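Participant: Make a model of this:
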Amino acid sequence: MKILVIGLDCAAPDILFGHDKLANIRSLMDAGCWGRLESVNPPITVPAWMCMSTSRDPGSLGVYGFRNRSDHSYGGLSIVDSRSIRELAMWDQVAREGGRSVVIGVPPSFPPRKVNGVSVSCFMTPDTKGYEYTWPHEARREIEDLVGEYPVDVKGFRTDDKERLKDEIHEMTRKHFQVVRHFLAKRDWDYFQFVEIGLDRMHHGFWKHHDPNHVDHDPQSPYKDVVRDYYRALDQEIGEIFALLDEETLVLVVSDHGARPLDGGFCVNEWLIREGYLVLEEYPKTVTPFGELAVDWGRTRAWSEGGYYARVFLNVRGREPSGPVDPADAAALRDEIAAGLEASLDPEGKALGTVAFKPEEIYRELRNVPPDLIVHFGGLAWRSIGGVGYGAIHVRENDTGPDDCNHDTYGAFVLAGPGVGARGQIEGARLLDIAPTLLALGGYDVPDGMQGRILPTGGGSHPEPPDMPEEAEAIIRRRLSGLGYLG
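Facilitator: Residues are numbered from 1 along each chain as shown. Have a look, this model is predicted:
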């Protein structure tokens, strides 16, 4: 059996399941099972796709976002790349059992992964002209002969030039699917996974035009149908993929997280300054990124990184270079900051609905340097603004450019093919359940340590192999003993 994973970054379940013009998605839903898919915390592209592919949570991967503290210094933030992921992914398990894979655009995948087959790196590739972005290297020539310059992302998707953005996303997506279909047809593969990033860019660029619940929605906008039209274009591309498959292919359409309207920004470091946790040597005259601030580290007890969610770090004596917080007081300080953030209000004085998470309470283990708190402002209706100089806690503008949506906790999945006897909606599925489910359905071993469960797909049980006959076991024991492995 072959396994095909079609990744649609940021696909929203309400649209994917409710858009009546998605004929190919509908046909897949009718043939199998589908449902909302609970993402990881934080629900963000990196690390979510690799959490799905390895069935490990962010703490177990030691990857808490696109940038992570590489040590306990104040400037030691490093950008994640493919080498940051050390756990076995689905394609690795397939390779261990002799199978071949094609992996395209699964973040983070630069430098390109050396897989048993073909890999093409993701939107985190610096430049496809100056850097190798395929494995093996000669696959690059195939791609460029097919589509010319290969676009791993659209340039400047946080822009007011919506016409350019719309056209570039469609052109990028057309090229991506052309490359996907090429490798589907021209390579021998047992496992094939790709991620289309265009949908994420479309949501961030056009969500307010699409969603009546957005605070800036204009029902007369000339771009009000752009999001739904793009879903139709994706559905048509997926239909052309289906035409290349046989009945022995297991097909999954899946998103790493969903999308929701973005109401504004919460200036987390401004709040920490106001509450006396973050101390500056001088308050800036203009809006300044956190990394350029003159921080008085000897008096600062906590600071934060911005983004779609916030990561708060305590400045602990003996852990950070100039930390004033006694380790014995760190737990109480963290509780105090969490309570203060959860009590934060919106501009009208109503409870914002912020939730602060302690990493050790939501992850199986903690690797590398975790944050002390992970904070979702307003249930992700508000993004975290890390810069200082606004003179306010709430802002409407985004510190990284125009942005209409935030990530939502629930993505979506549709699964059909051999062994999937279930029909209709499945409740309670999680992103971490995908890898063990696909491997089990495909007849592969599920590696120890995967944290998800095998979803009840109605395909019957997957029995354990029978016990080894005593005679065979005795032969193996003699061989191992002769090699010195057994005493």
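
Participant: got the contact list for the spatially closest residue to residue 100 that is not a sequence neighbour?
Facilitator: With C-beta to C-beta, 6 or more residues apart in numbering as the criterion, residue 100 has its nearest non-adjacent residue at 4.2 Å, and that residue is residue 117. Using the backbone N, CA and C atoms, a C-beta is placed for each residue, glycine as well. Residues near residue 117 by C-beta atoms under 8 Å, 6 or more residues apart in numbering: 91, 95, 100-103, 187, 189.

Participant: Those in strands, which ones?
Facilitator: 101-103 (DSSP state E).

Participant: can I get these in a markdown table with distance to residue 373 and pLDDT?
Facilitator: Listed next are these as a markdown table, based on distance: C-beta to C-beta, whole Å; pLDDT from 0 to 100:
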| residue | distance to residue 373 | pLDDT |
| --- | --- | --- |
| 101 | 37 | 98 |
| 102 | 39 | 98 |
| 103 | 34 | 98 |
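
Participant: For burial, what's the neighbour tally of residue 174?
Facilitator: Residue 174: 15 surrounding residues under other C-beta atoms under 10 Å.

Participant: quick one: what helix or strand has it in it?
Facilitator: Using DSSP states H and E, residue 174 falls within helix 162-186.

Participant: Touching whichever helix or strand comes after that helix from outside, list them.
Facilitator: Toward the C-terminal end, the helix or strand that comes next after helix 162-186 (DSSP H and E) is strand 191-196. By C-beta under 8 Å, 6+ apart, the residues outside strand 191-196 that reach it are 2-9, 49, 53, 90-91, 94, 99-107, 122, 173, 176-177, 180, 183-184, 234, 256, 442.

Participant: Okay, buried residues for stretch 119-138 please.
Facilitator: Applying a neighbour-count criterion of 16 or more other C-beta atoms under 10 Å, one finds 119-125, 128, 133-135 buried in stretch 119-138.

Participant: what separates residue 260 from residue 223, distance-wise?
Facilitator: The spacing between residue 260 and residue 223, counted by C-beta to C-beta, to the nearest Å, is 18 Å.

Participant: Comparing the two, which shows the higher neighbour count?
Facilitator: A direct count of neighbours by other C-beta under 10 Å for residue 260 and residue 223 places residue 260 higher, at 22 against 17.

Participant: residues contacting the more buried one?
Facilitator: 12, 380-381, 405-408.

Participant: and which of the buried residues of stretch 119-138 is nearest to residue 67?
Facilitator: residue 124 (11.6 Å; C-beta to C-beta).

Participant: so where does the spatially closest residue to the closest one that is not a sequence neighbour fall, helix or strand?
Facilitator: Leaving aside its chain neighbours, residue 124 sits nearest to residue 110 (4.8 Å; criterion: C-beta to C-beta, 6+ apart). Applying DSSP H and E as the criterion places residue 110 outside every helix and strand.

Participant: I figured residue 455 hits residue 430, correct?
Facilitator: No: the pair residue 455 / residue 430 is not scored as a contact, 9.0 Å apart, by C-beta atoms under 8 Å.

Participant: Settle it for me: which of those two has more neighbours?
Facilitator: Shown here are residue 455 and residue 430; by other C-beta under 10 Å, residue 455 has more neighbours (24 against 20).

Participant: quick one on the thing from earlier: which of the residues in the helix holding residue 174 are classified as buried?
Facilitator: Using 16+ other C-beta under 10 Å as the test for burial, helix 162-186 gives 162, 165-166, 168-170, 172-173, 175-177, 179-184.

Participant: what's it packed up against?
Facilitator: strand 101-104, helix 139-147, strand 191-196, helix 198-210, helix 226-242 (3 or more C-beta pairs under 8 Å, 6 or more residues apart in numbering; DSSP states H and E).

Participant: If you average the pLDDT over that helix, what comes out?
Facilitator: Averaged across helix 162-186, the pLDDT comes to 98.

Participant: Contacts for that helix next, please.
Facilitator: Against helix 162-186 from outside (C-beta under 8 Å, 6+ apart): 4, 102, 104-105, 118, 120, 142-143, 146-147, 150-151, 153-157, 159, 189, 192, 194, 196, 198, 201-202, 205-206, 223, 226, 230, 233-234, 237, 240-241, 244-245.

Participant: now residue 291: how far from residue 76?
Facilitator: Residue 291 is 11 Å from residue 76, where distance means C-beta to C-beta.

Participant: Residue 82: what's it in contact with?
Facilitator: 108-113, 121.

Participant: picking up where we left off before, would you mind checking the ones in strands among the contacts of residue 117 for buried ones?
Facilitator: The neighbour-count test (16+ other C-beta under 10 Å) marks 101-103 as buried among these.

Participant: Excluding covalently adjacent residues, which one is nearest to the residue nearest in space to the middle of the chain?
Facilitator: Residue closest to the mean C-alpha point of the chain, counted by C-alpha atoms, centre = their mean, is residue 45 at 2.3 Å. Nearest residue to residue 45, sequence neighbours excluded (C-beta to C-beta, 6+ apart): residue 107, at 5.4 Å.

Participant: tally of neighbours for the one you found?
Facilitator: Each residue near residue 107 was counted by other C-beta under 10 Å, and the total is 25.

Participant: Contact partners for it?
Facilitator: With C-beta under 8 Å, 6+ apart, residue 107 has these contacts: 45-46, 49-50, 122-124, 195, 197.

Participant: Restricted to strands, list these.
Facilitator: Per DSSP E, the subset of these in strands is residue 195.

Participant: closest to residue 286 among the contacts of residue 117?
Facilitator: Lowest distance from residue 286 to these (C-beta to C-beta) belongs to residue 103, with 43.7 Å.

Participant: show me what contacts the nearest residue to the closest one once chain neighbours are set aside?
Facilitator: The shortest distance from residue 103 to any non-neighbouring residue, by C-beta to C-beta, 6+ apart, is to residue 119 (4.6 Å). Taking C-beta under 8 Å, 6+ apart, we find residue 119 in contact with 102-104, 109, 112-113, 134-135.

Participant: Now do the domain split for this protein, please.
Facilitator: What automatic domain parsing lists as the domains of the chain is 2-260+407-441, 264-402.

Participant: tell me how far the ends of the longest one are from each other?
Facilitator: The reference is to domain 2-260+407-441. End-to-end distance for domain 2-260+407-441: 10 Å, by C-alpha to C-alpha, to the nearest Å.

Participant: Tell me how many other residues surround the nearest residue to residue 230 once chain neighbours are set aside.
Facilitator: Of all residues not flanking residue 230 in the chain, residue 202 sits nearest, at 4.9 Å (C-beta to C-beta, 6+ apart). If you count neighbours by other C-beta under 10 Å, residue 202 ends up with 30.

Participant: and the gap between residue 202 and residue 168?
Facilitator: 11 Å.

Participant: Over to residue 408?
Facilitator: Counting by C-beta to C-beta, the gap from residue 408 to residue 168 is 25 Å.

Participant: I appreciate the help and will end here.
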